[in-house]
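[1] This is the structure alone, sequence omitted:
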């Protein structure tokens, strides 16, 4: 059997990478930037961010990263997580640690928040005088209100500092009226951010990814078209499907020759999903299985299924 390489190389996102590299160069000159990277689950937001982080480190940036999660709404936790990575004592303590319930007077609460935000802004500005800073928050559609407010505050008040703020989110989970959408609306009024939208792969990008995953110099067009159609160009599903085919001996025969025998990629993807179900809570498992069944014998709407699953993981206790 041929050796199938499962590469982490990012393909099909050359334009997005170039845009981000140009933004990095602008930030080095002392101009703050804020970028939102949007796309449905599996299209490669995290992979793109990882490339950006690697490039930023090579250019001497201090890289800080926090992740927003559906099951943890602790105020400022994603930013506190990012500050801890800095190793700078002035940032490791966010400054605002009291809960809102501990304040009887709203004016006192607002004053305390403002003081904490001002302190954090000053600390981050000070750090950025030594080296440019990249602050990444992933899955901001799940961010708590405190994190969103402080993110907006920092992006607005640090316009003259070499800091790049990057947030990723899934449009399917950023429902109208949510805190994240409201924050974006307010920031849009001040023209505080640039947005990079990531869509599914086209056929050419699908072919490039398959060449990396299979180690083949030329992948049969029929196979490329089949994979692209059934995965709807979702890179995660393509990769998982190819890994599954490799593990089940569906890619190459014993002589190392490529096999294409009319297999159904959606069924393989369903197998992958079923194996992941057992890592989830029982309630989510039930909903997830229903999502898989909705695919029927037709090519699954992969991005829709993933969006549904992400939403359930948020709403189900």
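    Arrived safely. Source: prediction; values computed, not measured. Residues are numbered from 1 along each chain as shown.

[2] Please, where are all the strands along the stretch 151-300 of the chain?
    For the stretch 151-300 of the chain, the strands defined by DSSP state E, counting those that start in this stretch cover 163-169, 194-197.

[3] What is the last one packed up against?
    Applying 3 or more C-beta pairs under 8 Å, 6 or more residues apart in numbering; DSSP states H and E, one finds that strand 194-197 makes contact with helix 14-28, strand 33-38. Glycine gets a C-beta too; all of them are placed from N, C-alpha and C.

[4] Quickly compare the ones you listed and say which is most buried.
    Per residue and on average, the most neighbours among the helices and strands packed on strand 194-197 fall to strand 33-38, with a mean of 21 (mean count of other C-beta atoms under 10 Å).

[5] any idea how far that one is from the chain center?
    Put simply, strand 33-38 sits 11 Å off its chain's centre (C-alpha atoms, centre = their mean, to the nearest Å).

[6] How about stretch 125-133?
    25 Å.

[7] mind listing what's buried in that stretch?
    Buried residues in stretch 125-133, counted by 16 or more other C-beta atoms under 10 Å: 125, 127, 128, 132, 133.

[8] same check, this time on stretch 185-195
    Those would be 187, 192, 193, for stretch 185-195 by 16+ other C-beta under 10 Å.

[9] same deal with stretch 164-175?
    Buried residues in stretch 164-175, counted by 16+ other C-beta under 10 Å: 164, 165, 166, 167, 168, 169, 170, 172, 173, 174.

[10] Identify the farthest-apart pair in those residues.
    Greatest spatial distance in the buried residues of stretch 164-175: 164 and 172, 25.7 Å, computed using C-beta to C-beta.

[11] about what we covered before: got the helices and strands packed on strand 194-197 as JSON lines, with mean pLDDT columns?
    Formatted as JSON lines, the helices and strands packed on strand 194-197 follow (pLDDT from 0 to 100):
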{"stretch": "helix 14-28", "mean pLDDT": "95"}
{"stretch": "strand 33-38", "mean pLDDT": "97"}
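
[12] between these, which gets nearest to residue 218?
    Nearest of those (C-beta to C-beta): helix 14-28, 20.8 Å.

[13] Strand 33-38 and that closest one, what's the angle between them?
    Interaxial angle, helix 14-28 versus strand 33-38 (axes from the mean of the first three to the mean of the last three C-alpha atoms, to 10 degrees): 160 degrees.

[14] Helices of the protein, residue ranges please.
    Taking DSSP state H as the test, the helices found in the chain are 14-28, 45-58, 77-84, 89-92, 106-128, 145-157, 179-189, 203-214, 221-231, 235-247, 265-277, 282-293, 302-315.

[15] Excluding its own residues, what touches the first one? List them.
    Read it as helix 14-28. 10, 33, 35, 37, 48, 51-52, 55-56, 59, 61, 132, 134, 162-164, 194, 196, 198 (C-beta atoms under 8 Å, 6 or more residues apart in numbering).

[16] right, so of the helices and strands packed on strand 194-197, which gets closest to residue 208?
    helix 14-28 (10.2 Å).

[17] Point out where this structure drops to low pLDDT.
    Scanning the chain with the threshold set as pLDDT under 70 gives 1-9, 90, 92-112, 260-317.

[18] what domains does the record give for it?
    What automatic domain parsing lists as the domains of the chain is 14-197, 203-315.

[19] mind checking how far the first one is from the chain centre?
    For domain 14-197, the distance from its own C-alpha centre to the chain's C-alpha centre is 13 Å (C-alpha atoms, centre = their mean).

[20] Make 50 the first number, not 1, from now on.
    New numbering, starting at 50: the last item is domain 63-246.

[21] how close does the residue lying farthest from the centre of the chain sit to residue 256?
    Largest separation from the mean C-alpha position in the chain: residue 304, at 39.7 Å (C-alpha atoms, centre = their mean). The gap separating residue 304 from residue 256 is 24 Å, by C-beta to C-beta, to the nearest Å.

[22] try residue 205
    Using C-beta to C-beta, one gets 43 Å for the distance from residue 205 to residue 256.

[23] neighbours around residue 307, how many?
    As a burial measure, residue 307 scores 14 neighbours (other C-beta atoms under 10 Å).

[24] which residues touch it?
    Residue 307 neighbours (C-beta under 8 Å, 6+ apart): 51, 263, 265, 269, 272, 300, 301.

[25] Using a markdown table, please lay out those together with distance to residue 73 and neighbour count.
    Below are the contacts of residue 307 laid out as a markdown table (distance: C-beta to C-beta, whole Å; neighbours: other C-beta atoms under 10 Å):
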| residue | distance to residue 73 | neighbour count |
| --- | --- | --- |
| 51 | 38 | 15 |
| 263 | 33 | 21 |
| 265 | 34 | 16 |
| 269 | 39 | 13 |
| 272 | 37 | 18 |
| 300 | 38 | 24 |
| 301 | 41 | 19 |
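
[26] From those, pick the one nearest residue 285.
    Out of these, the member with the shortest distance to residue 285 (by C-beta to C-beta) is residue 263, at 16.7 Å.

[27] from what I can see the closest one touches residue 291, true?
    Yes - Residue 263 is within contact range of residue 291, at 6.7 Å (criterion: C-beta atoms under 8 Å).
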